[in-house]
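**Student:** Fold the following and give me the result.
(chains A, B, C and D)
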Number of protein chains: 2
Amino acid sequence: MSFMKFSKTTEYAFRILSFMAQDETKLYNVDEIFEKLRVPYRYLRKLMTNLTRSGFIVSIQGKNGGYKISRKTEEIRLLEILQAVDPEYLSGKCFFGFDNCALQVPCIMHDQWTIVRTNINNILAGTSLADVKQTKND
Amino acid sequence: MSFMKFSKTTEYAFRILSFMAQDETKLYNVDEIFEKLRVPYRYLRKLMTNLTRSGFIVSIQGKNGGYKISRKTEEIRLLEILQAVDPEYLSGKCFFGFDNCALQVPCIMHDQWTIVRTNINNILAGTSLADVKQTKND
DNA sequence: CATAAATGACACCTTGAGGTATTATATAAT
DNA sequence: ATTATATAATACCTCAAGGTGTCATTTATG
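**Tutor:** Have a look, this model is predicted:
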């Protein structure tokens, strides 16, 4: 595990939703997304179902079916996606991983580390799919 | 895997070396460190050997043996420890995990993300074992 | 209605991080 | 020299993330 790197699943979710945000009315099918993003095909299928369950996209089944973004792209923040895909996101509180940190006495890195995490949180909360939809995707 | 959290091994390394930095001349044995830090015993044994190979501590074998910090605690930076324990640390370049990011065109989060990572790097490079040796350790 | 083209469900495989068990080796003290 | 007490080496176990394979279900359309 390398520090400061999102999980593969998180990266995939960011890529998929950013791509689909390019046309928020369009119905995308899996093959089309696969062609563009090269996420492993069957894993992509599974992820699409998960993102549907999480409410970021809606799925239309049957022939000519597919997926589309469920809400205005300005309203979907990267932080919300991260939290849905990596539910433990908030668990990394202490720099040293101490369970009791900050209950009474904080560790010596506590304040400095809190600032960093707040900073990152602000970036993720301040960035919507509308902001990233024009990113390159390779 | 939760984002913004060091690996267990990294956390353990930080804890062990911070603790041992409290007395940089003392020879600590594994049981003593185990009593204080509660890192799983046999994993701790393995880690001590790795930290010895990495050069942060020196080991004295045989009866009355143990480990002690190998250099001045002001000279050992947290960044150096992280790099030794998590060699892939520098590999997390692109926010979206794109391999080709920034080769020609960077992703849309690239600059913002570089600033965050530089900030963290500066913290880790600017903090030595001497700075953290007084931290609580539970 | 039958078929083709799409998603859904579910079971299984693989790999690396974290953790455990056992035996070997080094050395101080008697 | 022998013994007790340290670390070193090596092989194995476990579990969750990431990835794969197969079959079921839904629905537009001829």
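**Student:** can you list the residues of chain A near DNA strand C?
**Tutor:** Contact residues (CB under 7 Å from any atom of the strand) of chain A with DNA strand C: A:1, A:28-31, A:45-46, A:48-49, A:52, A:59-67. In this view, the C-beta of every residue, glycine as well, is placed from N, C-alpha and C.
**Student:** one more time with 6 Å
**Tutor:** Residues of chain A lying close to DNA strand C (CB under 6 Å from any atom of the strand) are A:1, A:29-30, A:46, A:48-49, A:52, A:59, A:61-63, A:65-67.
**Student:** Can you check the pLDDT for A:Phe34?
**Tutor:** pLDDT, A:Phe34: 97.
**Student:** for the helix or strand where it lies, packing partners?
**Tutor:** Per DSSP states H and E, A:Phe34 falls inside helix A:30-37. With contacts defined as 3 or more CB pairs under 8 Å, 6 or more residues apart in numbering or on different chains; DSSP states H and E, helix A:30-37 has these neighbours: helix A:8-20, helix A:41-54, strand A:66-69.
**Student:** Run through the residues that contact A:Thr49.
**Tutor:** Going by CB atoms under 8 Å, 6 or more residues apart in numbering or on different chains, A:Thr49 touches A:Ser59.
**Student:** A:Thr127 too?
**Tutor:** By CB under 8 Å, 6+ apart, A:Thr127 lies in contact with A:77-78, B:109.
**Student:** Near DNA strand D, which residues of chain A are found?
**Tutor:** Going by CB under 6 Å from any atom of the strand, the residues of chain A near DNA strand D are A:7-9, A:40, A:42-43, A:46, A:61-64.
**Student:** could I get the helices and strands packed on helix A:30-37 as TSV with mean pLDDT?
**Tutor:** Formatted as TSV, those follow (pLDDT from 0 to 100):
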stretch	mean pLDDT
helix A:8-20	98
helix A:41-54	98
strand A:66-69	98
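**Student:** Serialize the ones you listed to CSV and add fields for distance to B:Phe98.
**Tutor:** Converted to CSV, the helices and strands packed on helix A:30-37 look like this (distance: least, CB to CB, whole Å):
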stretch, distance to B:Phe98
helix A:8-20, 8
helix A:41-54, 16
strand A:66-69, 21
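**Student:** right, and the ones you listed - which one's nearest B:Ala84?
**Tutor:** helix A:8-20 (24.6 Å; CB to CB).
**Student:** for chain A, which spans come out with low pLDDT?
**Tutor:** Low-confidence segments of chain A, defined by pLDDT under 70: A:1, A:92.
**Student:** ok, back up a step: sort out for me which of the contacts of A:Thr127 are in helices.
**Tutor:** Those of the contacts of A:Thr127 mapping onto helices are A:Leu78, per DSSP state H.
**Student:** Of the contacts of A:Thr127, which is the nearest to DNA strand D?
**Tutor:** Among those, A:Leu78 lies closest to DNA strand D (CB to the nearest atom of the strand), at 16.7 Å.
**Student:** Who are the contact partners of the closest one?
**Tutor:** Shown in contact with A:Leu78 (CB under 8 Å, 6+ apart): A:14, A:124-125, A:127-129, A:132.
**Student:** With A:Lys136 instead?
**Tutor:** By CB under 8 Å, 6+ apart, the contact set of A:Lys136 is B:98, B:101, B:105-108.
**Student:** Please apply the same query to A:Lys93.
**Tutor:** Neighbouring residues of A:Lys93 by CB under 8 Å, 6+ apart: A:101-102.
**Student:** Would you mind checking which of the contacts of A:Lys136 is nearest to DNA strand C?
**Tutor:** B:Phe98 (20.6 Å).
**Student:** Correct me if wrong, but that closest one is in a helix.
**Tutor:** No - looking at B:Phe98 with DSSP: H, G, I helix; E, B strand; the rest coil, it is coil, so not inside a helix.
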